[in-house]
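A.B. asks: Need a 3D model of the following:
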Amino acid sequence: MKMPVSLQPYLYQLQNFDSTASQADASTSEDVLFADILQAEVAAGQRVISAQEIEFRLDGTNQWSFLQGDSEYDTYTSYPTSAGKDHDIPVQTILEKISRMASSHGVDEDLIREVVRAESNFNPNAVSGAGAKGLMQLMDRTAQAMHVRNVYDPDENLAGGTKYLKSLLDRFDGNVGVALAAYNAGPTRVSNLGITNDEELREHYSQLPQETQRYVDKILNRL
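C.D. replies: Prediction:
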C-alpha cells in the first residue's frame, strides 16, 4: 500500500529564497561538475560526448528522452569507481525495481525515482567525494543501519535508501521537503534549525547549505 502522501502541495518554488550570490555559486558548481564529467569520460576512454548527455548528467533538464526505448540513453554506462564494476544496467530495469520497492515500503514511486535521479543519475556504481555509494548514495553508516551489505547491488541499495527515506518521512510527519533536506544534509542538522514541517523549511531555507537548497528545489520541481 502506498504511503498517503500527496506531492501536489510541495510544488512551491523554493528557489525564490535563493539570492544572487547563491545563483552565482550554483553556476560555479555546475562548471566544476562539467569539468569532472568530461575528465571521467576521457579517463574511461570516451573521446566523444554529446551536449545532450552532458546536459542530463548535469541534471539540468526536465526531459526524460533517455528513458525511451529508442533513445541512445536507454542504457546508462557507469563511471569507473572503487566498486570495481564496469557493466551497464538499463534504466528501465532500475525503474521497475523502484516501482516494486515503492510498493513494498509504502513510499511514493515518483519520489524515490527523483531521489535516485538526483543522487546518482541511475548509476548503481556511483561514488561521491564524500564516500556516498550506489543508486541512492548511501553513506557507510546509513547502509549499515539499514542492513545493506552490498551498496553496489541495486536491490539492496534501493531497499536501504527507501527504508531510510521512509523513516525521514515518518519522522517529519510526511513533509516531503523536510524529508528531502534531511536526506541530503542529515536529520540532525535539519532538526537543530527547528525545522519540523515544510512551512518552517521555507522560513529557515537560507540557513541550509546551498547544495541542500538546490537538491530540494530540483526534486520538488520535477515532482
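A.B. asks: Could I get the full set of strands for this structure?
C.D. replies: Taking DSSP state E as the criterion, the chain carries its strands at 75-77, 88-90.
A.B. asks: quick one: which of these has the weakest pLDDT on average?
C.D. replies: Note on these: lowest mean pLDDT is at strand 75-77, with a mean of 31.
A.B. asks: low-scoring stretches of this protein, by residue?
C.D. replies: 1-87 (pLDDT under 70).
A.B. asks: Recalculate using a threshold of 80.
C.D. replies: Low-confidence segments of the chain, defined by pLDDT under 80, span residues 1-88.
A.B. asks: What ranges does it have for its helices?
C.D. replies: 20-43, 51-57, 91-105, 109-120, 140-145, 154-171, 176-185, 187-192, 198-203, 210-222 (DSSP state H).
A.B. asks: ok, and for the last one, which residues are buried?
C.D. replies: When you say that, I think you mean helix 210-222. For helix 210-222, the neighbour count (16 or more other C-beta atoms under 10 Å) marks 210, 212-220 as buried. (C-beta placed from N, C-alpha, C; glycine too.)
A.B. asks: can you give me the angle it makes with helix 109-120?
C.D. replies: Calculated by axes from the mean of the first three to the mean of the last three C-alpha atoms, to 10 degrees, helix 210-222 forms an angle of 140 degrees with helix 109-120.
A.B. asks: what's the answer for the third one, then?
C.D. replies: Following the same axes, to 10 degrees, one obtains 130 degrees for the angle between helix 91-105 and helix 109-120.
A.B. asks: Alpha carbons of helix 91-105, as CSV, please.
C.D. replies: Provided in CSV are the C-alpha atoms of helix 91-105 (Å, rounded to 0.1, in the frame of the first residue of the first chain):
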residue,chain,number,x,y,z
VAL,A,91,17.5,2.4,-16.7
GLN,A,92,14.1,0.8,-17.4
THR,A,93,15.3,-2.2,-15.2
ILE,A,94,16.1,0.2,-12.4
LEU,A,95,12.7,1.9,-12.8
GLU,A,96,11.0,-1.4,-12.4
LYS,A,97,13.0,-2.1,-9.2
ILE,A,98,12.0,1.3,-7.9
SER,A,99,8.3,0.6,-8.6
ARG,A,100,8.5,-2.7,-6.6
MET,A,101,10.4,-1.1,-3.8
ALA,A,102,7.9,1.8,-3.6
SER,A,103,5.0,-0.7,-3.3
SER,A,104,6.8,-2.8,-0.7
HIS,A,105,7.8,0.1,1.6
